[in-house]
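Trainee: Sequence and predicted structure, then a few things I'm wondering about:
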Amino acid sequence: MTRLADKTAIVTGSSKGIGRAIALRLATEGANAVLCARDRNTLAEAVAEIEAAGGSAAAIALDLREPRNPAALAEFAVSRFGGIDIVVNNAGATKRGEFGALTEDDWADGFALKFFGSVRLTRAAWPHLKRSAGSLLFISGIGGRTPGRQFTIGGSVNAAMLSFTKAMAEAGLRDHVQVNAISPGTVRTARFQRRLEGFAAERKIDVSQAEQRYVEEENITRVGEPADIAALAAFIVGPEGRFLQGSLIDMDGGSTKTI
């Protein structure tokens, strides 16, 4: 498929999980994928996977919590491929736990990468997205709409990202930039696998039984796969998705029950 031929797409947090799946999918559809995460080795593996599949990719290892690094990422993409057409702000995980056990540093770290890293990359990439009439996509999370006791940091960060999405979507109407957000539910990542193993140990059952129990207790269709989110991301930033603007899309197997 070449729906994204000649497009350059930055995907943050792309060395593993959802970000890696998105980078691979966009490259499969013809985009030059620019990957960014902190681990050089896993980034190199992801680039090799893309190139082995016939795609085009480049990677830079940066900690996007550092204020100067989002601009460095944008500059890297432009220097390698001549411009920026797509930005997928995916990087960032937040600490779970009871509110009383979460420290000031936990809160600061939660916002530093997922929210402020996204804000800074958006600022750096926006002039390029204006020139290309490009697309900006945030990977948020359903906790932004349905907060939980164990997810006070993540829910707060994701809610801020959804608000930022709406604000930038209005700016995008003026500047001809498409802006949307996907809120994944439970997706099969390494982080979820650790939670599932803990869930299994608490109930003294094996992991496969634990997953079925989790699905039943959460009242969802199934656990999602990174490729599910990647497929939706590719649709949104592709030509068929251009009518979407300021959309906050839950992809969660039915987890979000509210309107």
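Mentor: Arrived safely.
Trainee: which residues in the protein form strands?
Mentor: Along the chain, the stretches classed as strands by DSSP state E are 8-12, 32-37, 56-61, 86-89, 135-139, 178-184, 248-251.
Trainee: Compare the ones you listed and report which one is nearest to Gly100.
Mentor: With CB to CB as the measure, strand 178-184 is the member of those nearest Gly100 (26.7 Å). In this view, the C-beta of every residue, glycine as well, is placed from N, C-alpha and C.
Trainee: and the angle for that closest one with strand 135-139?
Mentor: 20 degrees (axes from the mean of the first three to the mean of the last three CA atoms, to 10 degrees).
Trainee: Can you give the contact residues for strand 178-184?
Mentor: Outside of strand 178-184, the residues that reach it under the criterion CB atoms under 8 Å, 6 or more residues apart in numbering are 18, 134-142, 144-145, 158, 161-162, 165, 168-169, 171-172, 224, 229, 232-233, 236-237, 241-242, 244-252, 256.
Trainee: Let's see that with 7 Å instead.
Mentor: Around strand 178-184, the neighbours that count as contacts under CB atoms under 7 Å, 6 or more residues apart in numbering are 18, 135-142, 144-145, 158, 161-162, 165, 168-169, 172, 224, 229, 232-233, 236, 242, 244-252.
Trainee: What subset of these is buried?
Mentor: By neighbour count, with 16 or more other CB atoms under 10 Å, those hold 18, 135-142, 144-145, 158, 161-162, 165, 168-169, 172, 224, 229, 232-233, 236, 244, 246-252 as buried.
Trainee: What lies in contact with stretch 220-235?
Mentor: Judged by CB under 7 Å, 6+ apart, the contacts made with stretch 220-235 from elsewhere in the structure are 17-18, 21-22, 25-26, 29, 88, 137, 182, 184-189, 211, 215, 241, 249, 251-255.
Trainee: And the residues you listed, which of them are buried?
Mentor: Listed as buried from those are 17-18, 21-22, 25-26, 29, 88, 137, 182, 184-189, 211, 241, 249, 251-253, 255; burial here means 16+ other CB under 10 Å.
Trainee: Enumerate every residue touching the residue nearest to Ile220 when sequence neighbours are not counted.
Mentor: Counting by CB to CB, 6 or more residues apart in numbering, Gly253 is the residue found nearest to Ile220 once chain neighbours are left out, at 3.7 Å. With contacts defined as CB under 7 Å, 6+ apart, the neighbours of Gly253 are Gly185, Ile220, Thr221, Arg222, Gly224.
Trainee: Tell me how far stretch 71-89 lies from the chain's centre.
Mentor: Offset of stretch 71-89 from its chain centre (CA atoms, centre = their mean, to the nearest Å): 16 Å.
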